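A.B. asks: Return atomic coordinates for the entry below.
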Amino acid sequence: CDTVADLKKQIKEEIKNHKEHENEKEIETQLLDKLAENVKGEIPEVMVDNELNGQIRDIDYRLSMQGMNFETYLQYMGMTVEMYKEQAKESALKNVKIRLALEKIAVLENLEVSDEELDAEYSKFAEQYGMEVDKIKEVVPADGLKADMLKEKAITFVKDNAKVTTARKPR
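C.D. replies: Numbers count the residues shown, from 1 in each chain. This next block holds a predicted model:
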């Protein structure tokens, strides 16, 4: 920025964009929570266990990037794996319900991921990580990427078709 006025203008714009992004994420979270609430039926325990194990793998991977592992993390937190799973079980159940709801929406609304969209996503990853597309394809399986893209399409469908109302704050 060349002037203080330019800096102030830029900061105001960044704050506005940040607030808009936060509002969008909050709306999405509330919509997904509502979806989870509306899932009826028994969720097999194995699905919840698989979700918990996936969460643990993700946490372990992220911790490994920081030179730690999940077991060490648990020791610092004064927890065992069983304690962690018990604490995270409700969240895992909600995630399973959301995934099932989004999968059903994708089927009911005939949402699909085209080969062109998949290739574009691989290209985006390649550019983002400075790698060749073929290397990305070796590391990121097409089925998993397609499933993630389909989930995002279902989320977009829900957001686009939801009737969002905002409550006014009392004065």
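A.B. asks: show me where this protein has strands.
C.D. replies: Using DSSP state E, no strands are assigned anywhere in the chain.
A.B. asks: residue ranges with poor pLDDT in this structure?
C.D. replies: Counting by pLDDT under 70, the chain contains low-confidence ranges at 167-171.
A.B. asks: pull the longest helix from it.
C.D. replies: Longest among the helix segments of the chain by residue count, using DSSP state H, is helix 4-37.
A.B. asks: burial measure for L52, as a count.
C.D. replies: 21 (other CB atoms under 10 Å). In short, each C-beta sits where N, CA and C put it, glycine included.
A.B. asks: Please read the previous query as pertaining to K104.
C.D. replies: K104 has 13 nearby residues by other CB under 10 Å.
A.B. asks: out of everything not next to it in sequence, what's closest to K137?
C.D. replies: Setting aside the residues directly before and after it, K137 is nearest to Y122 in space (CB to CB, 6 or more residues apart in numbering), at 6.0 Å.
A.B. asks: Ignore what I typed, I meant M83.
C.D. replies: L74 (8.0 Å).
A.B. asks: Might you report the residue contacts of the one you found?
C.D. replies: T80, V81, M83, Y84 (CB atoms under 8 Å, 6 or more residues apart in numbering).
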